[in-house]
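> model this:
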Amino acid sequence: MKEITHVLFNTAVIYYLVLYLFHYTDILILIFITFCAAILNAAIDRLGHENDGLAIRRSKLIHSIEALIIMPLLFIGYSFYINTATLIVLVTLLNLPLHALLDLLNKDGLYSLIFEKQIRIADFRFNDILINSLLITISVIILYLAFIS
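A predicted model of the protein is given here:
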């Protein structure tokens, strides 16, 4: 997906979770989450790709199904012992699996380090206008639901 789609989707889902789990309604939390999503998704895109001389490909470590599974479990496990420092760490950790979740919709999908194979849910190109527009719309709906709750 396009970077803006990743940032909006991550921001919406994380903000909704933070409101639901911790009841933080401060607009500064939303700004912080958006900032983290932008910085971390840029880092994932820059560090999570390898150049094999012929093409730029996703790295198997960053773009793995295992990352998608492990990171949310850490978030849920530590959510009961929250403080401000923990919130910063957890918001940071949750960006990777959300990024990976959207990558499952791309034709390159994710890799399984255990099974050494590519996994994908759909076969969209990263710049497909329809899927990017749909995900951005879903993100706006999630943010709207967070604000009215």
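> Now do Ala38: how many residues are near it, please.
Applying other C-beta atoms under 10 Å, we find 18 other residues in the vicinity of Ala38. C-beta here means a position set from N, CA and C on the backbone, and glycine is covered the same way.
> For Lys2, see how far away it is.
In this structure, Ala38 lies at 13 Å from Lys2, with C-beta to C-beta, to the nearest Å as the measure.
> Could you tell me which ranges of this structure sit under the pLDDT cut-off?
Applying pLDDT under 70 to the chain flags residues 61-63, 67-86.
> Now do the strands in this protein.
For the chain, the strands defined by DSSP state E occupy 49-51, 56-58, 110-112, 117-119.
> which residue sits closest to the residue positioned nearest the centre of the chain, ignoring its sequence neighbours?
Per C-alpha atoms, centre = their mean, the C-alpha nearest to the average position across the chain is that of Leu98, at 2.3 Å. Counting by C-beta to C-beta, 6 or more residues apart in numbering, Asn10 is the residue found nearest to Leu98 once chain neighbours are left out, at 4.5 Å.
> For the residue nearest to the centre of the chain, give me its contacts.
Leu98 makes contacts with His6, Phe9, Asn10, Val13, Ile14, as judged by C-beta atoms under 8 Å, 6 or more residues apart in numbering.
> now, among these, which is nearest to His23?
Top of the list for closeness to His23, among the contacts of Leu98 and by C-beta to C-beta, is Ile14 at 14.7 Å.
> rewinding a little: so of the contacts of Leu98, which ones are in helices?
When the contacts of Leu98 are checked against helices using DSSP state H, the ones located there are His6, Phe9, Asn10, Val13, Ile14.
> what sits against the first one?
Counting by C-beta under 8 Å, 6+ apart, His6 makes contact with Ala37, Asn41, Leu98, His99, Leu102.
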